[in-house]
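Trainee: structure here, sequence nowhere to be found:
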């Protein structure tokens with residue numbers, strides 16, 4: 001388990017762009033699609049949470065499902081809620097779906113969701 005914990009520590013510290021690049025490298029190296037690694041990673045926190053609703057409320061993830069019809073507005077909204085530059089935000093939005101932020105409490109997650117949806121994006125909070 002030591003290797004898994006080491007990798008998780010590194011992944012938690014990565015930026016959205018670094019995570020996207022990691023995902024692309026995994027796809028190329030192992031010949032898999034993004035759906036498989038993302039689904040596996042997304043399932044892990046749910047199982048690890050043990051069903052504790054109170055703990056889950058402080059560890060929410062906001063995911064950009066799609067940018068809809070107003071890509072420029074969504075790019076601006078992503079920049080407002082992250083520390084991404086224009087180029088990185090554009091690449092992130094165009095590469096949707098992707099995690100905007102995680103480890104959020106309900107209030108923070110709802111606020112980010114509202115901002116992105118107001119810009120025209122489809123957003124999921126889990």
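Mentor: Received it, and whenever you're ready, just let me know what you need. The structure displayed is predicted, hence computed values, not measured ones.
Trainee: what lines up beside the helix or strand where residue 100 lies in the sheet?
Mentor: Using DSSP states H and E, residue 100 falls within strand 98-104. When sheet partners are counted by DSSP bridges, strand 98-104 sits next to strand 60-66 (antiparallel).
Trainee: what are the buried residues along the partner strand?
Mentor: 60, 61, 62, 63, 64 (16 or more other C-beta atoms under 10 Å). The C-beta positions use only the backbone N, C-alpha and C, and glycine is treated the same way.
Trainee: mean confidence for the helix or strand following it?
Mentor: Past strand 60-66, further along toward the C-terminus, the next helix or strand under DSSP H and E is helix 71-81. Helix 71-81 shows a mean pLDDT of 92.
Trainee: then stretch 3-23?
Mentor: 81.
Trainee: now do the end-to-end distance for it.
Mentor: End-to-end span of stretch 3-23 (C-alpha to C-alpha, to the nearest Å): 18 Å.
Trainee: show me where the protein has helices.
Mentor: Using DSSP state H, the helices found in the chain span residues 2-12, 16-30, 35-48, 53-57, 71-81, 86-94, 106-118.
Trainee: quick one, which of those helices is packed in tightest?
Mentor: Comparing these by mean neighbour count (mean count of other C-beta atoms under 10 Å), helix 71-81 comes out on top with a mean of 19.
Trainee: what does that helix contact?
Mentor: 64, 67-68, 84-86, 89-90, 92-94, 100-101, 112, 115-116, 118-121 (C-beta atoms under 8 Å, 6 or more residues apart in numbering).
Trainee: centroid residue for the chain?
Mentor: For the chain, the residue nearest the mean C-alpha position is residue 99 (0.8 Å; C-alpha atoms, centre = their mean).
Trainee: re the thing from before, out of the helices of the chain, which gets nearest to residue 126?
Mentor: helix 35-48 (7.4 Å; C-beta to C-beta).
Trainee: out of everything not next to it in sequence, what's closest to residue 59?
Mentor: Closest residue in space to residue 59, ignoring its immediate chain neighbours: residue 103 at 5.8 Å, by C-beta to C-beta, 6 or more residues apart in numbering.
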